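*Asks:* Based on what follows, work out the 3D shape:
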Amino acid sequence: MVSRGKILLHDTTQFFRGNPSTSWSFIVSPEMSSSARLIGYYIDSNGRVVADSIALKIEDKLQTEVTKMQI
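*Replies:* From the prediction side, this is the model:
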């Protein structure tokens with residue numbers, strides 16, 4: 001996961017023949033706002049890199065929730 005020119009998350013997944021899909025989950029952090037890019041790639045049997053990415057719009061939220069208190 002990349003945001004603001006920094007790599008924020010990375011992971012490696014083992015690919016198994018016959019199972020062409022996988023899934024990941026991650027926690028969205030304030031550093032990802034207002035947008036982040038998920039990049040995926042693999043190296044095929046001929047040594048070529050195959051890559052794609054998708055832009056994710058991250059809604060701005062405060063790190064800590066602020067509540068209005070009446071005194």
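*Asks:* show me where pLDDT drops low in this structure?
*Replies:* For the chain, applying pLDDT under 70 flags the ranges 61-66.
*Asks:* any chance you could map the strands in this protein?
*Replies:* 2-3, 6-7, 34-43, 49-58 (DSSP state E).
*Asks:* most tightly surrounded among those?
*Replies:* Burial of the strands of the chain is given as mean neighbour count (mean count of other Cβ atoms under 10 Å); strand 2-3 ranks first at a mean of 17. Using the backbone N, CA and C atoms, a C-beta is placed for each residue, glycine as well.
*Asks:* for the strands of the chain, which one sits closest to Phe16?
*Replies:* Ranking the strands of the chain by proximity to Phe16 (Cβ to Cβ) places strand 34-43 first, at 12.3 Å.
*Asks:* for Gln14, what are its contacts?
*Replies:* By Cβ atoms under 8 Å, 6 or more residues apart in numbering, the contact set of Gln14 is empty.
*Asks:* That one and Thr22, how far apart?
*Replies:* Gln14 sits 9 Å away from Thr22, taking Cβ to Cβ, to the nearest Å as the criterion.
*Asks:* Also Lys68?
*Replies:* For Lys68, the distance to Thr22 - Cβ to Cβ - is 44 Å.
*Asks:* If you count surrounding residues, which of these two has more?
*Replies:* A count of neighbours by other Cβ atoms under 10 Å puts Thr22 above the other of Lys68 and Thr22, at 10 against 4.
*Asks:* Compute the number of surrounding residues for the closest residue to that one other than its chain neighbours.
*Replies:* Closest residue to Thr22 apart from its sequence neighbours, by Cβ to Cβ, 6 or more residues apart in numbering: Thr13 at 5.5 Å. Using other Cβ under 10 Å, Thr13 has 10 neighbouring residues.
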